[in-house]
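1. Model the structure of this input:
(2 chains)
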Protein chains: 2
Amino acid sequence: MRRYSLAEIQEMERFFRTTFMNSISGFKSVNLCGTISPDGKTNLAIFNSIVHIGANPPYLGMIFRPHTVERDTLENILSTGFYTLNHLTEPIYPQAHQTSARYSKEESEFEATGLTPIYSDQHTAPYVAESPVRIGLQYEEHHQIMNGTLLVIGAVKEVFLPEEVVSKDGYVDLAAAGSLTIAGLDAYHKTELLGRMAYAKPDLPPRKIS
Amino acid sequence: MRRYSLAEIQEMERFFRTTFMNSISGFKSVNLCGTISPDGKTNLAIFNSIVHIGANPPYLGMIFRPHTVERDTLENILSTGFYTLNHLTEPIYPQAHQTSARYSKEESEFEATGLTPIYSDQHTAPYVAESPVRIGLQYEEHHQIMNGTLLVIGAVKEVFLPEEVVSKDGYVDLAAAGSLTIAGLDAYHKTELLGRMAYAKPDLPPRKIS
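-> Below is the predicted model of the structure:
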């Protein structure tokens, strides 16, 4: 094992440090966030900082970093109130990654990458047709964290997914759905289930759900 | 595709809904959080809500839900100022999951699960010896989100990992390190790299880092 001190981390070359620090927290959820501006321009941006906030009522959070291309997304969320989160799969992850390019405000990432917008009758934000798990959210609140970083919280309004990946106990089999995970800023991974563990109790040893 | 409306989600049986909602955001980082109380009792708890906040200075965030066993962890962080995050691997994930059992305050999850505490000379919080990636953090601030849910932010003070999994550009190969990811509350997955994508530019097609 090698120890990296804070002093060493601070002395790392800037892009090396960004990549290193974005890797060490572990695998992350990766989603495409679909929004639309008040004048009807669609936008699609990739996020790897989605967190579960609550199940009842259902809330998800996402982190917005300062000075990034994600700011069009934030403006659209604040002005229209709605956004979507869409999982990545193996066939679409290169296009999904491409949404992080700095396209001009006039160009939609849907058109630029060839991903397909589809809509529900509940709100105006576009979903990604190629995505197997799609979540529609309404903006709820945001919190200023530090240095311009924001935590945006949304209330889940609807979820689309293949019914056959939902287990009897509510577990959604993301590996079966084809959902990917990301390490760092650019490393896309598929997954394989090792096991589901039963609810842990102090007087019972760890055991798998059979 | 099946649509689940908010009304349907709200009408789900309580445990079904909790499992469903914890699944849909995608794969998550999973870490063991090691702390110690002011009177020297070690604690170990599993968290699947770590988010990257910043690289320079390096910050990580984690979500604390209300009314959970994680509260010993929070008390220890607030009273001592330090905590550790430790990745899970295939050999230890059953023990790691077992730390979510409601042990009494007198019982350390290290002793109860057989995981091994080790220490650095920088602070008092225990690391997990069996973990391939270990991060030492100092409490920085916390934010009240909603309904008793908190976002706790820590400053990274040191990182331990096998040097051979760090690429020339700072990318940490988590699959090579053996780090796992979690879906929902209890489904542990190993991963396989599909590809790393180069920095995206509007005038270039998506391309892998070779």
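
2. Which residue is the nearest non-sequential neighbour of residue A:143?
-> With Cβ to Cβ, 6 or more residues apart in numbering or on different chains as the criterion, residue A:143 has its nearest non-adjacent residue at 4.6 Å, and that residue is residue A:151. The C-beta positions use only the backbone N, C-alpha and C, and glycine is treated the same way.

3. thought that neighbour was touching residue A:63?
-> Yes: taking Cβ atoms under 8 Å as the definition, residue A:151 is a contact partner of residue A:63 at 5.9 Å.

4. Give me the common contacts of the two.
-> Counting by Cβ atoms under 8 Å, 6 or more residues apart in numbering or on different chains, the contacts common to residue A:151 and residue A:63 are A:145, B:61.

5. For the residue positioned nearest the centre of chain A, give me the pLDDT.
-> Residue closest to the mean C-alpha point of chain A, counted by Cα atoms, centre = their mean, is residue A:31 at 3.1 Å. According to the prediction, residue A:31 has pLDDT 98.

6. Just list whatever residues bridge to it.
-> Under DSSP bridges, the beta-bridge partners of residue A:31 are residue A:47, residue A:87.

7. for it, what are its contacts?
-> Listed by Cβ under 8 Å, 6+ apart, the contact partners of residue A:31 are A:46-48, A:50, A:85-88, B:25-26.

8. Now render those residues as a markdown table, adding distance to residue A:76 and pLDDT.
-> Output for the contacts of residue A:31, formatted as a markdown table (distance: Cβ to Cβ, whole Å; pLDDT from 0 to 100):
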| residue | distance to residue A:76 | pLDDT |
| --- | --- | --- |
| A:46 | 15 | 96 |
| A:47 | 13 | 96 |
| A:48 | 19 | 94 |
| A:50 | 17 | 96 |
| A:85 | 14 | 98 |
| A:86 | 15 | 98 |
| A:87 | 20 | 98 |
| A:88 | 20 | 98 |
| B:25 | 20 | 94 |
| B:26 | 21 | 96 |
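
9. before we move on, the earlier item: quick check: which element contains the residue nearest to residue A:143?
-> strand A:149-161 (DSSP states H and E).

10. which strands and helices sit next to that strand?
-> strand A:58-64, helix A:71-80, strand A:134-146, strand B:2-5, helix B:6-11, helix B:14-24, strand B:134-146 (3 or more Cβ pairs under 8 Å, 6 or more residues apart in numbering or on different chains; DSSP states H and E).

11. Please work out which of those is packed deepest.
-> Comparing these by mean neighbour count (mean count of other Cβ atoms under 10 Å in any protein chain shown), strand A:58-64 comes out on top with a mean of 24.

12. Quick one: mean pLDDT for the strand holding residue A:151?
-> The model assigns strand A:149-161 a mean pLDDT of 97.

13. what's the answer for stretch A:167-184, then?
-> If you average the pLDDT values across stretch A:167-184, you get 97.

14. do stretch A:110-126 as well
-> On average, stretch A:110-126 scores 97.

15. That one and chain B, any residue contact?
-> Yes: judged by Cβ under 8 Å from any Cβ of the partner chain, stretch A:110-126 comes into contact with chain B through A:112-113, A:120.

16. got CSV for the contacts of residue A:31, with neighbour count too?
-> Converted to CSV, these look like this (neighbours: other Cβ atoms under 10 Å in any protein chain shown):
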residue, neighbour count
A:46, 24
A:47, 23
A:48, 22
A:50, 24
A:85, 29
A:86, 26
A:87, 28
A:88, 29
B:25, 26
B:26, 30
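
17. which one of the residues you listed is nearest residue B:192?
-> residue A:88 (14.7 Å; Cβ to Cβ).

18. That closest one reaches residue A:188, doesn't it?
-> Yes: in terms of Cβ under 8 Å, residue A:88 counts as a neighbour of residue A:188; the distance is 7.0 Å.

19. Need the overlap of contacts for the two.
-> A:30, A:180.

20. so which strand or helix has the closest residue to residue A:187 other than its chain neighbours?
-> Nearest residue to residue A:187, sequence neighbours excluded (Cβ to Cβ, 6+ apart): residue B:196, at 4.7 Å. Element membership of residue B:196 [criterion: DSSP H and E] is strand B:187-196.

21. Output that strand as PDB, nothing but the C-alphas.
-> Extracted in PDB, the C-alpha atoms of strand B:187-196 (Å, rounded to 0.1, in the frame of the first residue of the first chain):
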ATOM      1  CA  ALA B 187     -26.900  -6.200  -3.900                       C
ATOM      2  CA  TYR B 188     -23.100  -6.200  -4.300                       C
ATOM      3  CA  HIS B 189     -21.600  -6.300  -7.700                       C
ATOM      4  CA  LYS B 190     -18.100  -6.600  -9.200                       C
ATOM      5  CA  THR B 191     -17.300  -4.700 -12.400                       C
ATOM      6  CA  GLU B 192     -15.600  -5.000 -15.700                       C
ATOM      7  CA  LEU B 193     -14.200  -2.100 -17.600                       C
ATOM      8  CA  LEU B 194     -15.900  -1.500 -21.000                       C
ATOM      9  CA  GLY B 195     -13.700   1.500 -21.900                       C
ATOM     10  CA  ARG B 196     -12.300   4.800 -20.900                       C
END
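
22. Report the angle between it and helix B:14-24.
-> Calculated by axes from the mean of the first three to the mean of the last three Cα atoms, to 10 degrees, strand B:187-196 forms an angle of 20 degrees with helix B:14-24.

23. what packs against strand B:187-196?
-> helix A:93-98, strand A:181-183, strand A:187-196, helix B:174-177, strand B:181-183.

24. Figure out which of those is closest to residue A:13.
-> Closest approach to residue A:13 among the helices and strands packed on strand B:187-196 (Cβ to Cβ): strand A:187-196, 19.0 Å.

25. how far away is the residue nearest to residue A:143 from residue B:66?
-> Using Cβ to Cβ, to the nearest Å, we find residue A:151 at a distance of 17 Å from residue B:66.
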